[in-house]
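Asker: how would this look folded up:
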Amino acid sequence: MRVGLVLAAGHSRRFGADDKLLALLKGRPLCSYAFETLNTLGLEASFACVQSDQVAKIAQAAGIKAVQVPQNAQHSDSLRAGLHMAKSLGATQVLVMLADMPFVPVPHIAALFEMAQASPAASSCGDQTLPPAVFPAAYVAELLALSGDQGAGRVIKALSDNQVLPLPAHALLDIDTIADLRRAHQPDEAK
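Answerer: Next up is the predicted model:
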């Protein structure tokens with residue numbers, strides 16, 4: 001069983017006072033792009049780990065089940081909440097993606113699932129390895145043991161070159177600041 005998780009419970013500290021996941025990108029809430037991508041994949045189960053009731057409603061409208069995490073949750077807490085759901089369903093592979101990365105193409109994620117039969121597969125841009133990433137069930141226990149604010153970053157940064165799939169920088173744009181959001185509004189060639 002393939003399960004997808006969108007981590008959508010961040011604190012938006014670098015974005016300012018507003019919840020970045022609700023900021024409009026080309027007329028839609030930022031988080032709606034990741035939810036739409038996840039829904040398009042046709043996985044057996046899909047979850048969004050959220051803190052905000054508004055983000056939860058957007059996820060549910062996209063056909064994604066919302067899992068509430070505490071307001072003071074760190075990245076690893078959000079990840080663990082989703083992993084527990086995936087594990088309880090008997091997931092064989094778990095996709096972890098971020099709600100503030102709106103341009104990751106569906107074929108890229110499908111290819112990650114193909115790569116992640118025996119070991120994890122993640123995305124890369126230059127020398128950076130980052131989400132989205134797919135983890136076989138055998139790695140869920142390791143991910144559940146993570147703590148702090150790193151999430152699965154430590155695990156995916158240790159992957160070898162044959163476990164990463166490159167994408168151009170604009171496809172892996174992670175919107176953390178207002179400047180990132182402005183850049184997301186530009187055509188692909190200008191990002």
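Asker: hey, let's count contacts and neighbours off CA atoms from now on
Answerer: Will do.
Asker: tell me the centre residue of the protein?
Answerer: With distances taken as C-alpha atoms, centre = their mean, Met97 lies nearest the centre of the chain, 1.6 Å away.
Asker: quick one: secondary structure of that one?
Answerer: Following DSSP: H, G, I helix; E, B strand; the rest coil, the label given to Met97 is strand.
Asker: was I right about it contacting Pro131?
Answerer: Yes - at 5.7 Å, Met97 and Pro131 qualify as touching, with contact defined as C-alpha atoms under 8 Å.
Asker: now do the residue nearest to the centre of the chain against Ala133, distance only.
Answerer: According to C-alpha to C-alpha, to the nearest Å, Met97 stands 7 Å off from Ala133.
Asker: quick one, helices of this structure?
Answerer: With DSSP state H as the criterion, the chain has helices at 30-40, 53-61, 75-88, 106-115, 140-144, 153-157, 178-184.
Asker: so can I have CSV of these showing mean neighbour count and mean pLDDT?
Answerer: Shown next, in CSV, are the helices of the chain (neighbours: other C-alpha atoms under 10 Å; pLDDT from 0 to 100):
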stretch, mean neighbour count, mean pLDDT
helix 30-40, 22, 95
helix 53-61, 18, 95
helix 75-88, 21, 85
helix 106-115, 17, 96
helix 140-144, 16, 85
helix 153-157, 17, 82
helix 178-184, 15, 76
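Asker: how about the ones you listed in a markdown table, adding distance to Arg2?
Answerer: Putting the helices of the chain into a markdown table (distance: least, C-alpha to C-alpha, whole Å) gives the following:
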| stretch | distance to Arg2 |
| --- | --- |
| helix 30-40 | 11 |
| helix 53-61 | 18 |
| helix 75-88 | 9 |
| helix 106-115 | 9 |
| helix 140-144 | 13 |
| helix 153-157 | 19 |
| helix 178-184 | 30 |
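Asker: among these, which is nearest Leu5?
Answerer: Checking these against Leu5 by C-alpha to C-alpha gives helix 75-88 as the closest, at 6.2 Å.
Asker: now the terminal residues of stretch 173-180, how far apart.
Answerer: 8 Å.
Asker: was I right about Thr92 contacting Leu43?
Answerer: No - Thr92 is not in contact with Leu43 according to C-alpha under 8 Å; the separation is 11.6 Å.
Asker: what touches both of the two?
Answerer: Met1, Arg2, Val3 (C-alpha atoms under 8 Å, 6 or more residues apart in numbering).
Asker: many thanks, I have nothing further to ask.
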